[in-house]
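>>> build the 3D model from these lines:
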Amino acid sequence: MEKISTRLVSWASLLDEQTIEQARVSSTMPFIYPHLALMPDAHLGLGATVGSVIPTLGAIIPAAVGVDIGCGMIAVQTQFEASELPADRRAVREQIERAIPLSAGKYNRKIVATAVPRVAELEALAEAKGFDPARYAGNWREQLGTLGSGNHFIEVSLDEADRVWLFLHSGSRGVGNKIAQHHIKVAQRLAKQWWIELPNPDLAYLVEGSPEFTRYIAELRWAQHFALLNREEMMDRVIRQVSEWVGTPVEERQRINCHHNFTESEEHFGKRVWVSRKGAIQADVGRLGLIPGSMGTASYVVEGLGDAMSLNSSPHGAGREYSRSKARKTFTHEQLREAMVGIEFRDTDAFIDEIPQAYKPIDRVIADAAPLVKVRHTLRQIVNVKGV
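This is a model prediction of the structure:
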């Protein structure tokens, strides 16, 4: 741990000056308490640093939560071992790709049986919170059970004992993005209305007790639950496809589902604060979490150690070192193929910006996170599914 200032603490051994400056500026907001914590995977973000934990008293910065509200991971440990899997891994990749809509703007054509109760649950929750998600996305129901693009993925992986895990990464899709964008604009409008000077427009905030704050929290929590159910729905479909591939029903040994873009009310250093984790997971003592690597690298099942200075948090992944545009200019399709040797994936240059070299080394991130979590399982992917 490095104390950069009285209000900024870091666990990152790989940290550029732009990221430090962005985090430092965020840490000067008057309602930060007790300090902003930078995780080992921290990198430059929009308004607030990705890989930061931002505790606030009496206010929330919507952009510090991010636009993919509730984005996170889910993993299921199956009863299978590597030796029990069919040799044709391409078959299961294509089965998963048919079962789950991939890429931005790709949604379900109908609400399938497994999604019906989840949609009903979200309808009831929205009604209880007094809003209609259709004002943000008329097709939000069809978005449930869809992956998206960017670094969202589905994987079949093996752990250190060659046991088979199913692993995926996604969030609240288009509806969550629209909710986030709306409230970021509301916060920015209020800042102008009240002549509040901000070091960055994306640090605009909502004040606790105001109607705007109350509305944001209600819709934020709905979007976080949508994201959790979205992952559950996709995992059920992945399980169905893997069961058909192997010829035996999947038995779940354990299931872990965790957010890494979210806000919760928590108690830290003697005060009740809003903790916004923008690219970080909760790591209370004994809590299981998931830290994915990039394409072609390891992912980790971890157990929280409850480090107080980190506000019981840990990193959420590898963290980018190259922007998407810079990665596409720097790396080649052949380098991507080399990185993915032994892994079944859709071989296209559309994924060059997701090449492992565009990210921080995940083993370095995990080493930096040693005070925050202990590794329970190390997963290596054998099948990778992504949207473009």
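>>> how about His152: what's its closest non-neighbour residue?
Nearest residue to His152, sequence neighbours excluded (CB to CB, 6 or more residues apart in numbering): Ser170, at 4.7 Å. Bear in mind the C-beta positions are built from the backbone N, C-alpha and C, glycine included.
>>> bridged to that neighbour, which residues?
Gly72 (DSSP bridges).
>>> so that it lines up with my notes, have the first residue be 6 from now on.
I'll keep to 6 as the first residue from here, and by that count the last item is Ser175.
>>> OK, contacts around it?
Cys76, Gly77, Thr151, Leu152, Gly153, His157, Ala232, Asn235, Arg236, Met239 (CB atoms under 8 Å, 6 or more residues apart in numbering).
>>> check Tyr327 too.
So Tyr327 contacts Thr335, Asp358, Gln362, Ala363, Tyr364 (CB under 8 Å, 6+ apart).
>>> list just the nearest of the residues you listed to Trp145.
Proximity of the contacts of Tyr327 to Trp145, judged by CB to CB, is greatest for Asp358, which lies at 27.8 Å.
>>> how about stretch 342-351: buried residues?
Across stretch 342-351, burial judged by 16 or more other CB atoms under 10 Å covers Ala344, Met345, Ile348, Glu349, Phe350, Arg351.
>>> ah, wrong one, I meant stretch 29-40
Neighbour-count burial for stretch 29-40 [16+ other CB under 10 Å]: Arg29, Val30, Ser31, Ser32, Met34, Phe36, Ile37, Tyr38, Pro39, His40.
>>> do I have it right that the fourth one meets Arg12?
Yes - counting by CB atoms under 8 Å, a contact exists between Ser32 and Arg12, whose distance comes to 4.1 Å.
>>> overlap in contacts of these two?
With CB under 8 Å, 6+ apart as the test, Ser32 and Arg12 both reach His40, Leu41.
>>> distance of Val14 from Ser315?
Using CB to CB, to the nearest Å, Val14 is found at 8 Å from Ser315.
>>> these two: which is more packed in?
Taking neighbours as other CB atoms under 10 Å, Val14 and Ser315 compare with Ser315 leading, 25 against 21.
>>> among the contacts of Tyr327, name the ones in helices.
If you go by DSSP state H, those have Thr335 in helices.
>>> which of the contacts of Tyr327 sit farthest apart?
Across these, the two lying at the largest distance from each other (CB to CB) are Thr335 and Tyr364, at 12.5 Å.
>>> quick one, which of those two is more surrounded?
Tyr364 (23 against 15).
>>> wait, what's in contact with that one?
Gly298, Ser299, Thr302, Gly322, Ala323, Gly324, Arg325, Glu326, Tyr327.
>>> I'd guessed the second one sits against Phe356; true?
Spelled out, that is Ser299. No - using CB under 8 Å as the test, Ser299 is too far from Phe356 to be in contact (10.4 Å).
>>> please say which of the two ends up with more neighbours.
Higher neighbour count among Ser299 and Phe356: Ser299, with 23 against 20, using other CB under 10 Å.
>>> state the distance from that one to Leu127.
For Ser299 relative to Leu127 (CB to CB), the value is 31 Å.
>>> what do you get for Arg29?
Counting by CB to CB, the gap from Arg29 to Leu127 is 39 Å.
>>> with Asn144 instead?
Counting by CB to CB, the gap from Asn144 to Leu127 is 13 Å.
>>> ok, those two, which is more surrounded?
Neighbours per residue (other CB under 10 Å) separate Asn144 from Leu127, with Leu127 holding more: 22 against 11.
>>> check contacts around the more buried one.
Pro138, Arg146, Leu149, Trp227, His230, Phe231, Leu234.
>>> which phi and psi does the last one have?
With angles defined as degrees, to the nearest 10, Leu234 shows backbone torsions of phi -70, psi -30.
>>> how many other residues sit next to it?
The burial count for Leu234: 22, using other CB under 10 Å.
>>> which residue sits closest to it, ignoring its sequence neighbours?
Arg123 (4.6 Å).
>>> wait, that neighbour sits on Met240?
No - using CB under 8 Å, Arg123 is not in contact with Met240, being 11.8 Å away.
>>> picking that back up, which of the contacts of Tyr364 count as buried?
Here, 16+ other CB under 10 Å leaves Gly298, Ser299, Thr302, Gly322, Ala323, Gly324, Arg325, Tyr327 buried among the contacts of Tyr364.
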